[in-house]
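**Student:** Any chance you can model this:
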Amino acid sequence: MEFANIILEKKDHIAKITLNRPEALNAIDPTTYRELHAAAENIEADDEIRVVIITGKGRAFCAGADLKAIRSILGHTDQVLKFLEGCHRAYNAIENLSVPVIAAVNGIALAGGIELVEACDIVIASETAQLGDQHANFGLVAGGGGTQRLPRQIGFKKAKELLLTGDWLSAKEAEALGLVNKVVPADKLEEAANEMAQKLAKKSPMASKCIKMLANKGIQADLYTGLQMEISAVAAHFLTEDFAEGLKAFDERREPHFPGR
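**Tutor:** Next comes the predicted model:
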């Protein structure tokens, strides 16, 4: 499939999505949302892919929604809803991918950009990166999932502070809050993201899928509902070939080679 605003590459069980509007600091317009959704569907249908990396081309990860696109729909409720639904469709598809998704944050990740980060599973950031929901600075409200995902990821009070003030975070501050997993020098970001992707690609695809599903659904449920989900899902995982290969490799004191079934 040909894309205009993103680049989709696949190699060695790893898919890489690069936002490719560097002249606009990778601001996201409706075309980009559609392409992100299409890329997620493409990846989900590819049994060879075990990990995804998302990054931005140039000096920014993503500066948020394209304000030109926003201005063009002001006053048109139906078009505003269509824009927001397109954003949610794309980010939900990324969050719900059965394989782990790594965000490699190479520069600013603001507004819709930080919301994209929130939809990823693991976040590695350049030490020069800055993240923030800056909607409040301009009388706007996060509409790409930020009011819901951020409180679940960094805590209720701190999330409300960031949403209400529009303050930016340094990469280190974001790491301290748990929004970023690891901060690395700018010239080591690609290497660090690739190392993490290769590490995850060696794990059981079936186990990774089960873990991600349970974590994503469990955080939205009460404890005992989550525990019951865990029992059912892990019992089903016992029947997979990956589970059998893991036990066999342990007994034989060797590295497992998971078939992904």
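**Student:** per-residue confidence for Arg50?
**Tutor:** pLDDT for Arg50: 98.
**Student:** Return the distance of it relative to Val101.
**Tutor:** Look at Arg50 and Val101: by C-beta to C-beta, to the nearest Å, they are 11 Å apart. C-betas here are computed from N, CA, C, even on glycine.
**Student:** okay, and for the stretch 151-261 of the chain, where does confidence drop off?
**Tutor:** Scanning the stretch 151-261 of the chain for pLDDT under 70 picks out no residues.
**Student:** Going by residue numbers, what spans are helices in it?
**Tutor:** Here the stretch 151-261 of the chain has its helices, by DSSP state H, counting those that start in this stretch, at 156-165, 171-177, 189-201, 205-218, 223-237, 241-251.
**Student:** Which strands or helices does the fourth one pack on?
**Tutor:** Put plainly, it is helix 205-218. Secondary-structure packing of helix 205-218 (3 or more C-beta pairs under 8 Å, 6 or more residues apart in numbering; DSSP states H and E): helix 223-237, helix 241-251.
**Student:** could you give the angle of the first one to helix 241-251?
**Tutor:** So that's helix 223-237. Counting by axes from the mean of the first three to the mean of the last three C-alpha atoms, to 10 degrees, helix 223-237 points 80 degrees away from the direction of helix 241-251.
**Student:** Check for me that Ile102 belongs to a strand.
**Tutor:** Yes: judged by DSSP: H, G, I helix; E, B strand; the rest coil, Ile102 forms part of a strand.
**Student:** what sits opposite it in the beta ladder?
**Tutor:** Ile53, Ile122 (DSSP bridges).
**Student:** Quick check: it touching Ile53?
**Tutor:** Yes: counting by C-beta atoms under 8 Å, Ile53 is a contact partner of Ile102 at 4.9 Å.
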